[in-house]
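Chemist: Fold the stuff below for me.
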Amino acid sequence: MPDENPSYPIAVGGAGLGEPIEAFSLELFERVEQEKPAMITELRTLVQSAIEEVHKSDIKISEWPRMYHTTKCIVAAKPTNDDFAIFAVHLFVPYGVRSAVYSHSFVVSGTL
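Modeler: Next up, the predicted model:
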């Protein structure tokens, strides 16, 4: 699901139930539109905060709250002042842990 805002190239793909993927994507797109992260570290923080917000708000009203814990997404974006980045994200916050867990994250440098 690419963002329709061409000023900041970002796309989210997911595996699992569509509801958490859409909730996460929309939350992330809204934050990116407002903040436009310039560096990969800023983008990573934005992804983290979008996951946390989805867990605080959307999961409470879902008919399938346990399915949020099995959803995985890939976020691909090009921060304005940094290389292209791809994050593999698991939308799972373990009990007792304050932040979401990234199953893997890596940066792809160069042109595609």
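Chemist: same question for stretch 33-46, mean pLDDT?
Modeler: Across stretch 33-46, the average pLDDT comes to 91.
Chemist: where exactly do the strands run in this structure?
Modeler: 10-15, 72-77, 85-90, 104-107 (DSSP state E).
Chemist: Partner strands of the second one and their direction?
Modeler: Each strand that strand 72-77 pairs with, and the sense of that pairing, follows from DSSP bridges: strand 10-15 (antiparallel), strand 85-90 (antiparallel).
Chemist: What's the mean pLDDT across stretch 85-100?
Modeler: pLDDT averaged over stretch 85-100 gives 66.
Chemist: for residue 89, which residues make a bridge with it?
Modeler: Assigned bridge partners for residue 89, using DSSP bridges, are residue 73.
Chemist: quick one on the thing from earlier: could you export the strands of the chain as a markdown table, including mean neighbour count?
Modeler: Where C-beta positions appear, they are placed from N, C-alpha and C, glycine not excepted. Conversion of the strands of the chain to a markdown table gives the following (neighbours: other Cβ atoms under 10 Å):
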| stretch | mean neighbour count |
| --- | --- |
| strand 10-15 | 17 |
| strand 72-77 | 19 |
| strand 85-90 | 19 |
| strand 104-107 | 11 |
